[in-house]
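Undergrad: got a predicted model here, sequence first, then my questions.
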Amino acid sequence: MLTLHKVLPPENRPVNEVSRETGISVQTIYKWMKQAKDGILKTGVPDETIPKEKSDLEKFSILLESRSIAEDKKGEWLRENGLHAEHLTVWEQEIARNMSTKTEDNESLKAANKKLEKDNRELQKELKRKEKALAEMAALYTLKKKAEEYWPENGDEK
């Protein structure tokens with residue numbers, strides 16, 4: 001399973017590249033990766049090397065803390081916290097990806113919000129126009145009733 005180590009963290013090499021290098025088909029490597037993910041195939045990577053499930057906030061605070069540790073003390077600090085250097089790299093990439101996704105989401109939300117505001121303004125204008133037309137119709141209807149009282153159509157006077 002040395003081949004699988006090349007496509008899994010921390011190396012994360014492209015499957016096509018590893019396939020060409022080893023002569024193992026791309027489909028076989030993907031099958032092995034799926035089996036490893038499902039727990040069917042042992043990768044030989046100990047479980048403690050796989051990052052624990054932590055929230056983005058926990059990962060971010062650990063990354064900040066790691067930046068304040070001197071390089072010569074970092075190995076000891078990683079062991080104390082049950083981490084490997086790969087965890088920091090992977091988490092940094094995850095957080096960067098999440099932040100860029102959120103930035104894109106924010107931009108699309110802003111664009112959608114502007115469109116909704118514009119639509120709202122147009123609907124408000126249309127509502128005011130219709131309210132004016134309704135008020136005018138009510139006034140005309142009232143005038144017609146009053147006119148009928150003073151000038152009946154059939155010639156009957158009151």
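TA: It's in. Numbering: from 1, shown residues only.

Undergrad: what does the pLDDT read for the nearest residue to I29 once chain neighbours are set aside?
TA: Of all residues not flanking I29 in the chain, V15 sits nearest, at 5.1 Å (C-beta to C-beta, 6 or more residues apart in numbering). Every residue, glycine included, has its C-beta placed from N, CA and C. Note on V15: pLDDT of 87.

Undergrad: and V15, what is it in contact with?
TA: Contact analysis of V15 by C-beta atoms under 8 Å, 6 or more residues apart in numbering lists V7, V26, I29, Y30, M33.

Undergrad: buried only: go through those for me.
TA: Buried members of the contacts of V15, scored by 16 or more other C-beta atoms under 10 Å, are V7, I29, M33.

Undergrad: okay if I get those residues as CSV plus pLDDT, distance to L78 and secondary structure?
TA: Formatted as CSV, the buried ones among the contacts of V15 follow (pLDDT from 0 to 100; distance: C-beta to C-beta, whole Å; DSSP: H, G, I helix; E, B strand; the rest coil):
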residue, pLDDT, distance to L78, secondary structure
V7, 81, 24, helix
I29, 84, 30, helix
M33, 82, 26, helix
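
Undergrad: how near is L78 to R13?
TA: Separation of L78 from R13 (C-beta to C-beta, to the nearest Å): 23 Å.

Undergrad: quick one: which of these two has more around it?
TA: L78 (17 against 12; other C-beta atoms under 10 Å).

Undergrad: just checking, what packs against whatever helix or strand the more buried one lives in?
TA: Counting by DSSP states H and E, the element that carries L78 is helix 71-80. Secondary-structure packing of helix 71-80 (3 or more C-beta pairs under 8 Å, 6 or more residues apart in numbering; DSSP states H and E): helix 56-67, helix 85-150.

Undergrad: chain center to the helix or strand bottoming out on mean pLDDT in the chain, what's the gap?
TA: Each helix and strand of the chain was given a mean pLDDT (mean pLDDT, DSSP states H and E); the minimum falls on helix 2-7 at a mean of 74. Put simply, helix 2-7 sits 31 Å off its chain's centre (C-alpha atoms, centre = their mean, to the nearest Å).

Undergrad: pull out the buried residues from that helix.
TA: Here helix 2-7 shows T3, L4, K6, V7 as buried, counting by 16+ other C-beta under 10 Å.

Undergrad: state the distance from the last one to A96.
TA: With distances taken as C-beta to C-beta, V7 is found 21 Å from A96.

Undergrad: now swap in the first one and tell me
TA: Distance from T3 to A96, counting by C-beta to C-beta: 28 Å.
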